[in-house]
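Peer 1: Requesting a structural model of the entry that follows:
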Amino acid sequence: MSFAADFPDVYANMAESDRGTRALISSDQCIIDDEWFFLRGCLEIPILDRSEVFVWGLWASVKEEVFNEISESWEEEGRETRRGPFKARLANSLSVYQETLNVKVRIIIQPAGTRPLFIIEEEQHPLAFAQQHGITPVEAMELSATLLHTQGPWSRWLQ
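Peer 2: Reported below is the predicted structural model:
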């Protein structure tokens with residue numbers, strides 16, 4: 001079970017005509033106005049009594065030096081043992097949770113070829129609670145059903 005944001009919200013909300021002149025974007029990185037830097041990663045929520053996890057594919061806003069360090073080590077073998085963790089903030093607003101935009105996260109680097117993991121740092125946030133304690137299989141199915149039936153301006157499951 002996984003749901004992903006195609007873009008950071010600031011890019012998604014940008015006029016189509018501005019995207020080509022103000023932003024550079026790939027499947028894993030985005031730079032806007034040479035001052036906003038974003039990385040794509042995974043936020044995993046354990047599903048209780050199951051080996052699988054519920055995965056959110058999200059974007060995080062990072063400082064330029066963090067962006068550069070992660071970019072330079074993207075294909076580096078063993079990078080997960082030498083890089084990070086890094087501080088960031090979520091760059092997507094999830095309609096099924098209390099506001100998630102700008103929530104503090106820790107980026108955990110994974111082996112080359114694997115997107116980084118995002119760990120919610122704000123322990124009182126409902127998404128942090130779900131990440132730390134897991135959700136039941138029924139909650140995972142209900143969440144999936146809600147996400148599949150929610151309409152939004154640019155994505156089925158995100159605001």
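Peer 1: Tell me how many other residues crowd the closest residue to Glu69 other than its chain neighbours.
Peer 2: In space, Glu69 comes closest to Arg83 once its chain neighbours are excluded; the distance is 6.6 Å by C-beta to C-beta, 6 or more residues apart in numbering. For glycine as for every other residue, the C-beta is placed from the backbone atoms N, C-alpha and C. Using other C-beta atoms under 10 Å, Arg83 has 18 other residues around it.
Peer 1: and if you look at Glu64?
Peer 2: The number of residues packed near Glu64 is 12, by other C-beta under 10 Å.
Peer 1: for Pro8, what are its contacts?
Peer 2: Pro8 makes contact with Cys30, Ile32, Phe38, Trp59, Ser61, Ala91, Asn92 under the criterion C-beta atoms under 8 Å, 6 or more residues apart in numbering.
Peer 1: 7 Å - rerun?
Peer 2: Counting by C-beta atoms under 7 Å, 6 or more residues apart in numbering, Pro8 makes contact with Cys30, Phe38, Trp59, Ala91, Asn92.
Peer 1: In CSV, could you pull the C-alpha coordinates for the lowest-mean-pLDDT helix or strand in the chain?
Peer 2: Least confident element among the helices and strands of the chain, by mean pLDDT, DSSP states H and E: helix 137-149 (a mean of 81). Provided in CSV are the C-alpha atoms of helix 137-149 (Å, rounded to 0.1, in the frame of the first residue of the first chain):
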residue,chain,number,x,y,z
PRO,A,137,-4.9,-3.6,8.8
VAL,A,138,-8.4,-2.2,9.0
GLU,A,139,-7.1,1.3,9.4
ALA,A,140,-4.8,0.8,6.5
MET,A,141,-7.7,-0.4,4.3
GLU,A,142,-9.9,2.5,5.4
LEU,A,143,-7.1,5.0,4.7
SER,A,144,-6.6,3.5,1.2
ALA,A,145,-10.3,3.6,0.5
THR,A,146,-10.5,7.2,1.6
LEU,A,147,-7.4,8.2,-0.5
LEU,A,148,-8.7,6.4,-3.6
HIS,A,149,-12.0,8.3,-3.4
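Peer 1: Before I go, just wanted to say thanks for your time.
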